[in-house]
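Participant: Here is a sequence together with a model predicted from it:
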Amino acid sequence: MLTLTEAPLQAQAASAKHGLAGGATPDRPDWTIEQGWEHYSAEEHGVWKTLFERQTKLLPGRACDAFVDGMRRLPIGADEIPDFRRLSEVLMKQTGWQVVAVPGLVPDEVFFEHLANRRFPSGQFIRKPHELDYLEEPDVFHDVFGHVPMLMNPAIADYIQAYGQGGLRAKELGVLDKLARVYWYTVEFGLLRQRDGLRIYGAGIASSRTETVFSLEDPSPNRIGFDLERVMRTHYRIDDFQESYFVIDDLEALMELARIDFAPLYARVRDGMEYQPGDVLATDDVITRGTGHYHAQRRAKA
């Protein structure tokens, strides 16, 4: 079985969300709350519109076909923050998923339980106008614009459910950090090889104006063929662009991971060699060897 888990995307929750202070525990044991769609302000819808319009201008020719198709078939547009009820109605008919509102990052056990039951937990707050390009915690734009279109694809829908089902086991075995890397380098920051070139399918890229361009076109990062054990041993960046992106050949390749016996991998990677985000190995399938210039400059300035 697939045993993956999502690492915390960023630091602890810090923002107020429609009156619920960041870090507060909701009344419901599953941490769900009402989206409160009717209570979004004109300013909040305006932030969504700004983010949506500038991102949809960038993604043609960069986002994978499955992302484009999912976006086209969902009730997602520029003028207003999507209503989770309408999203769920379409998703349920297509892949059996629904979107549920949560106040921000939730405990691992809660997160896994939702995914295992095809419920995607989405933050229902949206960033402030001065936070358009950086936010510590994933908001409704990252979660809905970035993730939900891919849930219309059966392979991704099954992959993320399998990941939820296996997450608790990974935590029990003490390999959560290793398995988190697989999620990070696929669902969040994965690239896909299409007939017409490399394309984005990871939500962390698809929802980011700057990383959309950086991941595909900048000479700095490495682009390396996906190898499961290699990825499990590789640290990632949570504070900046990725130094390496891992590339799958097609979305169905992700479902192959669900059929792998992870027990031998756990034993090998638990105390084995670890790689830094920018490392390139002699055994790597290197699609693009990056110059490393961007991160070298950042380190020099620091």
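Facilitator: Everything's here; your move. Residues are numbered from 1 along each chain as shown.

Participant: And the helices in the stretch 1-150 of the chain?
Facilitator: Under the criterion DSSP state H, counting those that start in this stretch, the stretch 1-150 of the chain contains helices at 42-58, 65-73, 84-95, 108-116, 140.

Participant: quick one: the first one to helix 65-73, angle?
Facilitator: It stands for helix 42-58. 140 degrees (axes from the mean of the first three to the mean of the last three Cα atoms, to 10 degrees).

Participant: low-scoring pLDDT stretches of this protein, where are they?
Facilitator: Residue ranges of the chain with pLDDT under 70: 1-25.

Participant: Name the residue closest to the centre of it, please.
Facilitator: Glu188 (2.7 Å; Cα atoms, centre = their mean).

Participant: Disregarding residues adjacent in the polypeptide, which is nearest to it?
Facilitator: In space, and not counting its chain neighbours, Glu188 is closest to Gly204: 4.0 Å by Cβ to Cβ, 6 or more residues apart in numbering. The C-beta positions use only the backbone N, C-alpha and C, and glycine is treated the same way.

Participant: ok, back up a step: am I right that the residue nearest to the centre of the chain is in contact with Ala206?
Facilitator: No: counting by Cβ atoms under 8 Å, Glu188 sits too far from Ala206 to count as a contact (9.7 Å).

Participant: mind checking which of the helices of the stretch 1-150 of the chain is nearest Gly167?
Facilitator: helix 108-116 (3.7 Å; Cβ to Cβ).

Participant: In terms of secondary structure, what does that closest one contact?
Facilitator: When contacts are defined as 3 or more Cβ pairs under 8 Å, 6 or more residues apart in numbering; DSSP states H and E, helix 108-116 packs onto strand 119-123, helix 154-172.

Participant: Could you name the stretch from those that's closest to Ala101?
Facilitator: strand 119-123 (6.2 Å).

Participant: next structured bit after the closest one?
Facilitator: For strand 119-123, the following helix or strand on the C-terminal side (DSSP states H and E) is helix 140.

Participant: Run through who's touching that next one.
Facilitator: 48, 81-82, 122-126 (Cβ atoms under 8 Å, 6 or more residues apart in numbering).

Participant: Going by distance to Met152, which of those wins?
Facilitator: Pro82 (13.4 Å).

Participant: Make TSV from the helices of the stretch 1-150 of the chain and add distance to Asp30 and mean neighbour count to it.
Facilitator: Below are the helices of the stretch 1-150 of the chain laid out as TSV (distance: least, Cβ to Cβ, whole Å; neighbours: other Cβ atoms under 10 Å):
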stretch	distance to Asp30	mean neighbour count
helix 42-58	25	16
helix 65-73	25	18
helix 84-95	15	16
helix 108-116	6	19
helix 140	18	25
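
Participant: between those helices, which gets nearest to Ala296?
Facilitator: When those are compared by Cβ to Cβ, helix 42-58 sits nearest Ala296, at 25.7 Å.

Participant: Need the distance between the two termini of stretch 284-292.
Facilitator: Counting by Cα to Cα, to the nearest Å, you get 17 Å between the two ends of stretch 284-292.

Participant: For that stretch, buried residues please.
Facilitator: Neighbour-count burial for stretch 284-292, counted by 16 or more other Cβ atoms under 10 Å, picks out 284, 288, 290, 292.

Participant: For Val231, which of the helices of the stretch 1-150 of the chain is the nearest?
Facilitator: Nearest of the helices of the stretch 1-150 of the chain (Cβ to Cβ): helix 108-116, 19.3 Å.
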